[in-house]
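Enquirer: build me a model from this:
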Amino acid sequence: GRKPETGHMSYHVQFESNMSLTGANSDKRVVVKPSDQVFALLNLYNAITGKNVSSKSTPVDAEVKRMASELKKSGSKGVVLTGLNDVNAQLVAFAINDALNSEIFDATNTLNIRQGNDADVAQLVSDMKSGKVAGLISYNVDPVY
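Expert: I've put the predicted structure just below:
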């Protein structure tokens, strides 16, 4: 974290397609088209691990290479997170943190903050469309979001 009184300052880089509060408050924000996000993540993986997983070049590859270099310097103090709702993207981020030996990323003690189930929601929508569900009451949730 940031501890200015001790001189220790974390560095936060945000790759995102839409402006977010987190991105706005980051030290560096890199705009990536939604269609390039997974490829930028794969290119980061390749740059950190030295492997050659199939990907494609993106307009942000120069920044991806710089961040790979910084993450390698940070070693176990670095961490990569992704908000992409894609299991494979999450696995790539996991593999990057594994390659860094990240102390911050703990795969054995997960927090499970977001406990939604996409398959259950898809089934609910299907049941609503088919008429199996006549009404839906939701509480403390925005079903449109």
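
Enquirer: which residues touch the residue with the shortest distance to the centre of the chain?
Expert: Centroid-nearest residue in the chain, with C-alpha atoms, centre = their mean: Thr82, separated by 0.4 Å. Counting by C-beta atoms under 8 Å, 6 or more residues apart in numbering, Thr82 makes contact with 41, 89-90, 92-93. The C-beta positions use only the backbone N, C-alpha and C, and glycine is treated the same way.

Enquirer: try it again at 10 Å.
Expert: Applying C-beta atoms under 10 Å, 6 or more residues apart in numbering to Thr82 gives the contacts 15, 37-38, 41, 44, 89-94, 96.

Enquirer: among those, which ones are in strands?
Expert: With strands taken from DSSP state E, the overlap with the contacts of Thr82 comprises Phe15.

Enquirer: any chance of a PyMOL selection covering the buried ones in the contacts of Thr82?
Expert: In PyMOL syntax, the buried subset of the contacts of Thr82 is picked out as below (16 or more other C-beta atoms under 10 Å):
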select buried, resi 15+37+38+41+44+89+92+93+96
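
Enquirer: let me have the contacts of Thr82 in CSV, extended by distance to Met128.
Expert: Below are those laid out as CSV (distance: C-beta to C-beta, whole Å):
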residue, distance to Met128
Phe15, 36
Gln37, 30
Val38, 30
Leu41, 34
Leu44, 39
Ala89, 29
Gln90, 28
Leu91, 31
Val92, 34
Ala93, 33
Phe94, 34
Ile96, 39
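
Enquirer: now do the strands in the chain.
Expert: 13-16, 28-31.

Enquirer: return the most buried member of these.
Expert: Across those, averaging neighbours per residue (mean count of other C-beta atoms under 10 Å) puts strand 13-16 on top, at a mean of 19.

Enquirer: follow-up on the earlier one: nearest to Lys28 among the contacts of Thr82?
Expert: Closest approach to Lys28 among the contacts of Thr82 (C-beta to C-beta): Phe15, at 9.4 Å.
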